[in-house]
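> I'd like to go over a predicted model; first the sequence, then the structure.
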Amino acid sequence: MANLSEPICALITPPGYAAINVVRISGKGSIGIVAQYIKPRKKLLNCPSHRVVFGTFYSREGRAIDQVLCTVFRAPHSYTGEDVVEISSHGNPQIASQILENLLLDARMANPGEFTLRAVLNGKMDLPQAEAVNDLVFASGAMAESAALMQVQGILSQHLQNLLNDISETRLRCELAIDFADQDLPPVDPEDLKNRISHILKQAEELYAEGVSQGKYIREGIKISLVGAPNSGKSSIFNAFLKYNRAIVNPHPGTTRDYLEERVNLQGYTLILYDTAGLRISSDEVEREGIERTRELMQNSDLILYLLPVDQEIDWKEIDELPSEIKNKILWVATKYDLITPDFSDVKNSDNLNGHSPDSAIPASVYAIEGLEKLQQAILNHFALPQKWVDRPLVTNARHLAALSRAISSLKNALQSIDNQAGYEFTAFDLIAASQALEEILGIVTTEDLLTNIFNNFCIGK
Ligand SMILES: Nc1nc2c(c(=O)[nH]1)N(C=O)[C@@H](CNc1ccc(C(=O)N[C@@H](CCC(=O)O)C(=O)O)cc1)CN2
Ligand SMILES: Nc1nc2c(ncn2[C@@H]2O[C@H](COP(=O)(O)OP(=O)(O)OP(=O)(O)O)[C@@H](O)[C@H]2O)c(=O)[nH]1
Ligand SMILES: [Mg+2]
């Protein structure tokens, strides 16, 4: 790993013209490095932490480059835990480049995520907090933002730490039973041990279940494909969700051939919508390829909106032949419902479909006022997602979920070992394995590979 505390610098605002640009330098001697270029020099050198100095930045040859504000953070009281200076200049990219060029005489360019990596290595934050910093930067909706912020604030870490403490205490009891088995101590009560482990297991399982059913959708968005017979109104619904005419809509069946993908925000959630080629037996080679892609998309979607237009005969054979794992993620939608009634305020699901649709079909129309409202609500209800914001520990990250799942297996083994009267060594062993899995999430045990992997996905300057 690169020399910790060696000064690193980067532009931390987007490159280009702006009101202000900010260049950050962190590491040993950062304040002195910047002071070489700033007048009044002494004022910067003597500046206490968390203060701002107004001055002029001069190039090494002595040419004035810009009037700047330097914000000083003194180790360990900074984002990275090192000495940090942030130099705000007028937002001309050439000015920022010149500032950076001068700093690069004594510092090197920061790698992606390197400031945050240092924050982790200097104990300013743990790994889930650092990962959440990146999630926060790339969050695509209010829900993802609130979940990431919870994690940045350490709410998830604290919860995991509590679980770790409970596991440790339980393990200690097992070890006492092993070490002092031959002494005259009150014997360890297996029921008490089981209760303790069950309690930990329950919390871990809840965290996992919520992570799988909500966390992933919050962080990565919900993949929803629009499928149905040709002309069932897929592209129209797609456009209505996007609020612009992205896809071609036409009375001619078979209009959409390849699928289209677009992201749209729904009440703070990101929906990744796919408009697809209509499902039907076709002799046209291009259309057949499109239909094949639709089938693949259905496999990969979190939810399928299967459109059943109220004015067409429905091909039940096509639907019956769908495999059950596909059927399980279908929401039936009765499209073009305005042809039955233009007023959506009092329609119930499924009424008036002439027996064409399953009972639970949701009425929808792109031509009626509020014609999509029931559908949008049904989508959110389907995932039982939080309505306002995330206000409790939530696992959103695949790495965390995988480790949590291993912790759960080990806790189950620990319970089993008590039931089997295998000996408390085995229980203690399983509890250690559970702890290790949780410690992996927190980054208590890490490898350079893991860190490189995580921080490579960050942007420069973070
Ligand atoms: N200008 C600027 N804005 C920013 C950041 C930054 O680094 N610079 N941040 C990051 O990218 C985020 C804020 N994160 C930060 C976290 C800790 C400290 C800090 O100075 N911590 C000290 C003092 C804490 C205190 O006074 O309570 C410490 O931990 O000791 C600064 C920024 C978002 N906004
Ligand atoms: N009355 C009514 N007509 C609709 C509605 N939605 C779509 N249509 C009409 O139905 C026809 C087909 O719409 P599309 O959105 O192109 O249907 P599609 O499922 O994408 O069709 P393909 O791409 O050919 O499979 C068009 O003439 C639309 O104007 C609706 O809500 N109400
Ligand atoms: Mg279409």
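Perfect, I can see it now. Ligands and ions are numbered 1, 2, ... in the order given.
> who are the neighbours in contact with residue 69?
Neighbour list for residue 69: 52, 53, 54, 87, 88 [criterion: CB atoms under 8 Å, 6 or more residues apart in numbering]. No exception for glycine: its C-beta is placed from N, CA and C like everyone else's.
> Throw together a ChimeraX command that grabs the buried residues out of the residues you listed.
The following ChimeraX line selects those of the contacts of residue 69 that are buried, judged by 16 or more other CB atoms under 10 Å:
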select :53,87,88
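> could you dump the contacts of residue 69 to TSV with distance to residue 318, secondary structure and pLDDT?
Shown next, in TSV, are these (distance: CB to CB, whole Å; DSSP: H, G, I helix; E, B strand; the rest coil; pLDDT from 0 to 100):
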residue	distance to residue 318	secondary structure	pLDDT
52	67	strand	98
53	71	strand	98
54	71	strand	98
87	64	strand	98
88	61	strand	98
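> Which helix in the chain has the most residues?
In the chain, assigned by DSSP state H, the helix with the most residues is helix 155-179.
> List the first helix or strand encountered after that one toward the C-terminus.
helix 190-210 (DSSP states H and E).
> quick one: average confidence on the helix or strand just after that next one?
Downstream of helix 190-210, the first helix or strand assigned by DSSP H and E is helix 216-220. Across helix 216-220, pLDDT averages out at 89.
> For helix 216-220, name the packing helices and strands.
Packing partners of helix 216-220 (3 or more CB pairs under 8 Å, 6 or more residues apart in numbering; DSSP states H and E): helix 142-152.
> So what angle separates the directions of the helix it packs on and helix 155-179?
Using axes from the mean of the first three to the mean of the last three CA atoms, to 10 degrees, the direction of helix 142-152 lies 50 degrees away from that of helix 155-179.
> right, is helix 142-152 up against ligand 1?
No - on the criterion CB under 6 Å from any ligand atom, helix 142-152 is out of touch with ligand 1, staying 8.6 Å away.
> Mind listing residues that contact that helix?
125, 128-129, 131-133, 135-136, 139, 156-157, 215, 218-219, 268-270, 385-386, 389-394, 396.
> so of those residues, which ones are in strands?
269, 270 (DSSP state E).
> Going through the contacts of helix 142-152, which ones are buried?
Buried by 16+ other CB under 10 Å: 125, 128-129, 131-133, 135-136, 139, 156-157, 215, 218-219, 268-270, 385-386, 390, 393-394, 396, out of the contacts of helix 142-152.
> Around ligand 3, which positions in the stretch 301-450 of the chain sit nearby?
The stretch 301-450 of the chain comes close to ligand 3 at no residue, as judged by CB under 5 Å from the ion.
> In the stretch 301-450 of the chain, which residue sits nearest ligand 3?
Closest to ligand 3 within the stretch 301-450 of the chain is residue 307: 10.2 Å, counting by CB to the ion.
> just to revisit the earlier point, what is the nearest of the contacts of residue 69 to residue 166?
Taking CB to CB as the measure, residue 166 lies nearest residue 52 of those, at 45.1 Å.
> mind listing what's buried in stretch 213-231?
So for stretch 213-231, counting by 16+ other CB under 10 Å, buried means 214-231.
> which residues touch residue 116?
By CB under 8 Å, 6+ apart, the neighbours of residue 116 are 79, 80, 125, 130, 133, 134, 455, 458, 462.
> and which of the residues you listed is nearest to residue 34?
Using CB to CB, the contacts of residue 116 come closest to residue 34 at residue 80, 15.1 Å.
> Residue 257 contacts residue 287, correct?
Yes - at 6.0 Å, residue 257 and residue 287 qualify as touching, with contact defined as CB atoms under 8 Å.
> Between those two, which contacts overlap?
Common contact partners of residue 257 and residue 287 (CB under 8 Å, 6+ apart): residue 277.
> Can you verify residue 230 is assigned to a helix?
No - looking at residue 230 with DSSP: H, G, I helix; E, B strand; the rest coil, it is coil, so not inside a helix.
> pretty sure it contacts residue 254?
Yes - counting by CB under 8 Å, residue 230 does reach residue 254; the two are 5.0 Å apart.
> Residues that sit against both of these two, list them.
Joint contacts of residue 230 and residue 254 (CB under 8 Å, 6+ apart) are residue 278.
> can you map out the strands along the stretch 351-462 of the chain?
Per DSSP state E, counting those that start in this stretch, the stretch 351-462 of the chain has strands spanning 362-363. These are given in chain order.
> remind me which residues of it are low pLDDT?
351-359 (pLDDT under 70).
> pull the longest strand from this structure.
Ranked by number of residues, the top strand in the chain under DSSP E is strand 64-73.
> Which strands border that strand, and is each parallel or antiparallel?
strand 51-58 (antiparallel), strand 84-90 (antiparallel) (DSSP bridges).
> want to throw the ones you listed into JSON lines with distance to residue 378?
Output for these, formatted as JSON lines (distance: least, CB to CB, whole Å):
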{"stretch": "strand 51-58", "distance to residue 378": "52"}
{"stretch": "strand 84-90", "distance to residue 378": "47"}
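> Minimum distance to residue 43: which of these has it?
Nearest of the strands paired with strand 64-73 (CB to CB): strand 51-58, 5.3 Å.
> Just give the closest residue to the residue in the stretch 151-300 of the chain that ligand 1 sits nearest to, not the sequence neighbours.
Closest residue of the stretch 151-300 of the chain to ligand 1, CB to the nearest ligand atom: residue 152 (8.6 Å). Leaving out its chain neighbours, the residue that sits closest to residue 152 by CB to CB, 6 or more residues apart in numbering is residue 132, at 4.5 Å.
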